[in-house]
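would you be able to build a 3D model of this:
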Amino acid sequence: TMWFVVQRAARIDAFVREPFYAIEVEHRKALGAPLGSEAEPPAAPGRAPGGAPGDEMVTAVFKWKRNRLFDRPAAVMLYEICVERRLATVTKVDGHEKRKWRPTPLHTVELQKLSSNLLRISSDRTMDIAEKLYQQGFLSYPRTETDKFKDGFDLAALINEQAGHPEWGGFARELQAGGFQWPRDGGHDDQAHPPIHPLK
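Residues are numbered from 1 along each chain as shown. Predicted coordinates:
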């Protein structure tokens, strides 16, 4: 086992970084807007290309089969060809069904993980912020292993509390109008505190 560790360490030490280049292509349009034969010019702020203000934007990301090039002049040449021609032909479209489970209610470890991955905030800093929000009455107790709500927990009251918020109040109102589903059961209950949730 030690031999493999030494060999791995030697390969890491001998590794020399080499710059590489890739071409990234995106097409953005408003949901439901007609497809154009050419790429659309940049839209005004707050407006999706081809749509009205507030229309939902959809983005198609095209991946390059070759992935990357280590030859900069070749990469620049291919890039210039793409810019000059502007038109592209879609020769094949592949699709597959992907299911995504609804998340379970939030517990401490998941809070720290999400904060680190999405916001780049350390675990210690995350808990400092969460505890301050708890002390100010905005958040439930943030140190819990529970990821399931007990039957009878008044989630409707929590949703009602958020319905007037200028940023996410619209989502809360959608839940009030019939979009609510009881949260998925994570299977863990520390019998001390409920999952982490907003209070106001």
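
going forward, measure contacts between C-alpha atoms and count neighbours the same way
OK.

which helix or strand lies directly C-terminal to the helix or strand harbouring Val5?
Secondary structure from DSSP states H and E places Val5 in helix 2-14. Helices and strands here follow DSSP H and E; after helix 2-14, the next one along the chain is strand 25-30.

buried stuff in that following strand?
Neighbour-count burial for strand 25-30 flags 28-30 (criterion: 16 or more other Cα atoms under 10 Å).

check stretch 178-191 too.
Neighbour count says stretch 178-191 has 185, 189 buried, by 16+ other Cα under 10 Å.

and that stretch, how far from the chain's centre?
The chain centroid and the centroid of stretch 178-191 are separated by 21 Å under Cα atoms, centre = their mean, to the nearest Å.

neighbouring contacts of it?
102-105, 144-149, 174 (Cα atoms under 8 Å, 6 or more residues apart in numbering).

ok, now stretch 127-145?
107-109, 112, 188-190, 192-200.

look up how far Gln162 lies from the spatially most central residue of the chain.
Central residue check for the chain by Cα atoms, centre = their mean: the C-alpha nearest the mean position is that of Leu118, 7.5 Å away. Distance check for Leu118 against Gln162: by Cα to Cα, to the nearest Å, it reads 23 Å.

would you list every one of the strands in this protein?
25-30, 57-62 (DSSP state E).

average pLDDT for the first one?
When you say that, I think you mean strand 25-30. Regarding strand 25-30, the rounded mean pLDDT is 80.

next: stretch 189-200.
For stretch 189-200, the mean confidence score works out to 92.

can you list the buried residues in that stretch?
189, 193-198.

ok, stretch 59-77 next?
So stretch 59-77, judged by 16+ other Cα under 10 Å, has buried residues Ala75.

all helices in this structure, in order from the N-terminus.
2-14, 72-85, 108-119, 123-135, 155-162, 169-174 (DSSP state H).

give me the low-pLDDT residue ranges for this structure?
1, 31-55 (pLDDT under 70).

let's see that with 80 instead.
Filtered on pLDDT under 80, the chain yields the residue ranges 1-4, 15, 29-58, 63-66, 86, 88-90, 92-95.

how about Val25, what does it touch?
Neighbours of Val25 in contact, by Cα under 8 Å, 6+ apart: 61-63.

which strand residues bridge it?
Phe62 (DSSP bridges).

that one and Ile12, how far apart?
In terms of Cα to Cα, Val25 sits 33 Å off from Ile12.

ditto for Thr108
Distance of Thr108 to Ile12, given as Cα to Cα: 35 Å.

more neighbours, these two?
Under the criterion of other Cα atoms under 10 Å, the comparison of Thr108 against Ile12 puts Thr108 first, with 20 against 10.

how about that one, what does it touch?
142-145, 196 are the contacts of Thr108 under Cα under 8 Å, 6+ apart.

between the residues you listed, which is closest to Leu155?
Ile196 (12.3 Å; Cα to Cα).

ok, the closest one touching Glu110?
No: contact criterion Cα atoms under 8 Å: Ile196 and Glu110 do not qualify, at 10.1 Å.
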